[in-house]
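Q: starting from these lines, generate the structure:
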Amino acid sequence: MADTISIDDHTIGLGEQKQIQLNIARLPTYTNIDLPVHVFRADKEGPTLLLTGGLHGDELNGIEIIRRMVYKDMLIPERGSVIALPLVNVYGFIQNVRGLPDGKDINRSFPGNKGGSLARLLAHTLMKKIIPQIDFGIDFHTGGAARSNYPQIRCTFDVDENMEMAKAFAPPFVVHSSLIKKSFRKAAHNKGKPILVYETGESTRFDEEGIEEGINGTLRLMKHLGLKDEAPEAEHQTEIFKKTTWVRAKYAGLFQPEIKLGDRVQKKQLLGYVTDPYGNERFKFICPYEGRVIGLNYAPVVHKGDALLHLAYK
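A: Okay, the predicted model is just below:
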């Protein structure tokens, strides 16, 4: 661990705490948009952990996880350092949308470009000013478009270090997720910085159980990395799934689930129905594999091909 962490013109020494404002760009009103960065450093050596929330501006649970941990002084390490960005996509947060004003998705814009779109500029800022300072990271997300996720860690099983971190976090589910081109996780991986993705709940809604699970899991990972000496024990056994699939609507209509988020399901089990709105037709949909429901569509009106539920299986 270096004696100092340098971000822009700010230097943070051992045992120091500081909040930095990274300037990104101005709104058309000429109001500056800054990216708040919390840095917490112990006076003893150790790794640096990055926490990021709100890459998608309408995904609030990650923002709240980090906010609570900052407010309650949970991120002050006993060794090493923590860098926390509760809200990366300020623009999307202001407008209550996933992406940027130009419609771009930050999480498909890495490693970014200083002279590119606003999404690519934000990505470039993270890669140039934050990623070189860290050793590990957790990126907090939710489901989107009325789809809710059961608390889970997503990581690539091909890297042993990822699996060790995921097991230390100890969520209800760990799911294999390949590195996606132009994603934050992929860009950080290319720099030798493993980042886990934690998913819980849906966009624009707080998921209290998932928020608490995210806080406790982060503390467990901090203990595993040597940043803390104590952390809450997991109250469940983590289930690990290498495969996932979306069960999709074969017919348009009204979605009537017969299962709940997180349920264990069996092959050929009835998962629910899609009905017409007039009381004439009802179509079953059946579970293709034994597994767990890790994501569920809460939108009653569905079109043919819409994702109804996300199934994890072995």
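Q: buried set for the helix or strand containing Tyr91?
A: In this assignment (DSSP states H and E), Tyr91 forms part of helix 90-95. Within helix 90-95, the residues scored as buried using 16 or more other CB atoms under 10 Å are Val90, Tyr91, Gly92, Phe93. For every residue, glycine as well, the C-beta is placed using N, CA and C.
Q: which residue sits closest to the second one, ignoring its sequence neighbours?
A: Looking back up the chat, that one is Tyr91. Ranked by CB to CB, 6 or more residues apart in numbering and with sequence neighbours excluded, the top spatial neighbour of Tyr91 is Leu100, at 5.3 Å.
Q: could you pull up the mean pLDDT of stretch 131-149?
A: For stretch 131-149, mean pLDDT rounds to 96.
Q: picking up where we left off before, name the nearest of the buried residues of helix 90-95 relative to Asn32.
A: Val90 (10.5 Å; CB to CB).
Q: any idea how far the closest one lies from Gly80?
A: According to CB to CB, to the nearest Å, Val90 and Gly80 sit 27 Å apart.
Q: can you check Val174 too?
A: 24 Å.
Q: so which of those two has more stuff around it?
A: Val174 (25 against 22; other CB atoms under 10 Å).
Q: quick one: Leu271 is in a helix?
A: No: Leu271: not assigned to a helix; according to DSSP: H, G, I helix; E, B strand; the rest coil it is strand.
Q: returning to what we had before: what kind of secondary structure is the residue nearest to Tyr91 in?
A: Leu100 - assigned by three-state DSSP - is coil.
Q: can you give me the buried ones in stretch 93-109?
A: Result for stretch 93-109 [16+ other CB under 10 Å]: buried residues Phe93, Val97, Arg98, Gly99, Leu100, Lys104, Asp105, Ile106, Asn107, Ser109.
Q: how far does stretch 92-101 sit from the chain's center?
A: Distance of stretch 92-101 from its chain centroid, counting by CA atoms, centre = their mean, to the nearest Å, is 16 Å.
Q: how close does the closest residue to Gly15 other than its chain neighbours sit to Glu16?
A: With CB to CB, 6+ apart as the criterion, Gly15 has its nearest non-adjacent residue at 3.6 Å, and that residue is Asp43. As judged by CB to CB, Asp43 and Glu16 stand 9 Å apart.
Q: of the two, who's got more company?
A: Between Asp43 and Glu16, counted using other CB under 10 Å, Glu16 has the larger neighbour count: 15 against 11.
Q: where does pLDDT dip in this protein?
A: Applying pLDDT under 70 to the chain flags the ranges 1.
Q: the helix ranked longest in it: which residues count as buried?
A: Looking across the chain with DSSP state H, the single longest helix is helix 208-224. Under the neighbour-count criterion of 16+ other CB under 10 Å, helix 208-224 has 210-211, 213-224 buried.
Q: dump those to TSV, plus distance to Ile153.
A: Formatted as TSV, the buried residues of helix 208-224 follow (distance: CB to CB, whole Å):
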residue	distance to Ile153
Gly210	12
Ile211	15
Glu213	10
Gly214	10
Ile215	14
Asn216	13
Gly217	8
Thr218	11
Leu219	14
Arg220	11
Leu221	10
Met222	15
Lys223	16
His224	13
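Q: ok, these vs Pro194, which is closest?
A: Looking across those and measuring by CB to CB, the closest to Pro194 is Leu221, at 11.3 Å.
Q: you'd agree that closest one is up against Ile153?
A: No: counting by CB atoms under 8 Å, Leu221 does not reach Ile153; the two are 9.5 Å apart.
Q: mutual contacts of these two, please.
A: Phe169, Leu196 (CB atoms under 8 Å, 6 or more residues apart in numbering).
Q: quick one: the helices in this structure?
A: Going by DSSP H, the chain shows helices at 60-71, 90-95, 118-125, 160-169, 184-190, 208-224.
Q: which neighbouring elements make contact with the longest one?
A: Same thing as helix 208-224. Judged by 3 or more CB pairs under 8 Å, 6 or more residues apart in numbering; DSSP states H and E, helix 208-224 is in contact with strand 48-52, helix 60-71, strand 136-143, strand 147-155, helix 160-169, strand 195-202.
Q: how far out from the middle of the chain is the fourth one?
A: Pointing back at strand 147-155 there. Centre-to-centre, strand 147-155 and its host chain are 8 Å apart (CA atoms, centre = their mean).
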